[in-house]
Structure formats: C-alpha cells, structure tokens
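S.K.: mind folding the following:
(one chain, ligands or ions: 1)
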Amino acid sequence: MDHHHHHHDAHPAVRPELEGVFKVGVGGPVGSGKTALIEALVPILIERGHSVGVVTNDIYTQEDADHVKRTLHGVLEPERIVGVETGSCPHTAVRDDPTMNLAAGAELIQRFTDIDTLLYESGGDNLTLTFSPALADVYVFVLDTGEGDKMPRKRGPGITNSDLLVINKIDIAPYVRADLEVMARDADRVREGRPVILTDSLKGTGVEAVADFIAGRRPVCSPTA
Ligand SMILES: Nc1nc2c(ncn2[C@@H]2O[C@H](COP(=O)(O)OP(=O)(O)OP(=O)(O)O)[C@@H](O)[C@H]2O)c(=O)[nH]1
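M.R.: Got it, this is the predicted structure:
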C-alpha cells in the first residue's frame, strides 16, 4: 500500500460530457460494502426518477461490475454498468489521475444521454483514499463495522473529510462486539459535524437516508436547464 503520494494530482482533461451529470464517489477499505451499498442505492434512485450509470474499479478484474450486473438484473440494464480495470492502486485511478474513470463515465453518457447520476465505486483502499473533485461531486466513504468500533477514531482523510461517512454492516455489530454508539459518537467527533449514516446494505437499513443525503447535495436545476 502506498501511503506517501498525496499531493501529485494530475490535472486531467475536462470531459464536457460529464458536465450536468451528478457524480457520486464511493470509497473505503477492501470489503467494507461499497458494492452492496451501490446495489441498494440504485433502485432507490431509479424509484425517485433518476437515470443512473455505474462505474466500478478493480485492479485486475471486472468482479465488482459483474456483481452489480447480476444483483441489479431487471433493475438497471447491464450496459449501464462499466468496470474499469485500473491496473494500479485504487487511489491512483480515482484521485491522482482519474483519466480512465473520466473516460469511462463520458463514454457511458455518450451511449445513454438520459443519465443524470453516475456512481463511481473505487477499488478497496486504505483510510487515506479520497476522490479527485474532477471525478466526484460528492464523496462517500464506507466503513465496515466488522473492522471494529475503533475505526472512526483512526481518522484518515476518508473518515474525517468525506462528504458522507457510512458505517456499514451494523447487523454484525453484536457478533464482533462493536459498540455502534461508540462508533457514531467518535465519527461525529472526528468529522466535526459532517454527516454519518449507519447502514445494513444487504437489508437496506439506512440506505434511504444515503439517498436523501445525495438528493440534498444535487445542484438545483437552473431555469434554463
Ligand atoms: N452482514 C452484512 N454483510 C454485508 C453488508 N454489506 C456488504 N456485506 C457483505 O460483505 C462482503 C463484501 O461486500 P462488498 O459490497 O463486496 O464490499 P466492497 O467494499 O465492494 O469490496 P471490494 O470492492 O472488494 O473492496 C460481501 O460478502 C457482502 O455481501 C452489510 O451491511 N451487512
């Protein structure tokens, strides 16, 4: 893992196709539930009248994209789900040089001009992961309750600075002896008021609240739009 290269962001070419599309980045440690959260979120966004595209990142495979295609069968056409094989550390592809992801999003929007919301799933990374503002309008960081209730106290830019912190897998808290009240309280403390939502992405608990958060960050349409 590469903890050291924080400040060499490239300035990727602006993709005009992506203007006017609301872009949500979802990051977090390996296996925290980023894919599951997106799979729970997409039907809600569609239900609320949005037109959605999904871009997933894996280093070597299309594993996450294939999973989303299977889970959302009959909800979202598979052609609206694209897997980017980054070939490098996840943070490189979403923060330092998001060129591949910008291209994948732009290509998706060229094919489906109705898309108003793009969900970008980062590959699993460490607590330093953030999204390039060129790629994501809002950045959601997903923590796994199973990693222990100490996690929010560990800080790191994902935990402290993300637009929304999701504490996922709350259903397993009793099994790993994680105290959700401690997690929520510590998260509030280190985030200085930025929002925190507790979820069970498999059952859908808390996911409406995540959709509400996204709705609240969506720019209001201008009268000419
Ligand atoms: N019990 C429980 N399991 C969950 C929850 N969310 C995800 N999982 C499970 O946790 C495992 C990992 O979930 P994923 O959604 O693949 O996690 P991810 O963050 O996308 O993983 P990577 O992309 O590999 O980093 C899967 O077996 C999920 O079914 C949850 O809220 N509760």
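S.K.: C-alpha from now on. contacts and neighbour counts both.
M.R.: Noted.
S.K.: centre-most residue in the protein?
M.R.: Nearest to the geometric centre of the chain sits Val26, at 1.0 Å (Cα atoms, centre = their mean).
S.K.: so that residue sits against Asp137, correct?
M.R.: No. Val26 is beyond contact range of Asp137, at 11.0 Å (criterion: Cα atoms under 8 Å).
S.K.: now do the same contact list for the residue lying closest to Lys169 once chain neighbours are set aside.
M.R.: Leaving aside its sequence neighbours, Lys169 sits nearest to Asp200 (Cα to Cα, 6 or more residues apart in numbering; 4.8 Å). By Cα atoms under 8 Å, 6 or more residues apart in numbering, the contact set of Asp200 is 168-171, 206-207.
S.K.: now Asp200: phi and psi?
M.R.: phi -120, psi 100 (degrees, to the nearest 10).
S.K.: and for Thr99?
M.R.: According to degrees, to the nearest 10, Thr99 has phi -50, psi -50.
S.K.: circling back to that earlier point, can you work out which residues contact both of Val26 and Asp137?
M.R.: Shared contacts of Val26 and Asp137 (Cα under 8 Å, 6+ apart): none.
S.K.: what about the strands in the chain?
M.R.: Secondary structure of the chain by DSSP state E: the strands cover 22-27, 52-58, 81-85, 117-121, 138-144, 164-168, 196-198.
S.K.: anything in the helix or strand bottoming out on mean pLDDT in the chain near the ligand?
M.R.: Ranked by mean pLDDT, DSSP states H and E, the helix or strand of the chain with the weakest confidence is helix 90-91, at a mean of 89. No. Helix 90-91 stays clear of the ligand (Cα under 6 Å from any ligand atom), getting no nearer than 9.6 Å.
S.K.: and the spatially closest residue to Pro43 that is not a sequence neighbour, how far is that from His50?
M.R.: Residue nearest to Pro43 in three dimensions, not counting chain neighbours: Val75, with 6.7 Å by Cα to Cα, 6+ apart. As for Val75, its distance to His50 is 12 Å (criterion: Cα to Cα, to the nearest Å).
S.K.: how about the helices of this structure, start to end?
M.R.: 34-47, 63-71, 90-91, 99-111, 157-161, 173-176, 180-191, 207-217 (DSSP state H).
S.K.: let's have those helices in TSV, adding distance to Gly20 and mean neighbour count.
M.R.: Putting the helices of the chain into TSV (distance: least, Cα to Cα, whole Å; neighbours: other Cα atoms under 10 Å) gives the following:
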stretch	distance to Gly20	mean neighbour count
helix 34-47	17	20
helix 63-71	24	18
helix 90-91	25	24
helix 99-111	11	19
helix 157-161	24	23
helix 173-176	39	12
helix 180-191	29	17
helix 207-217	13	16
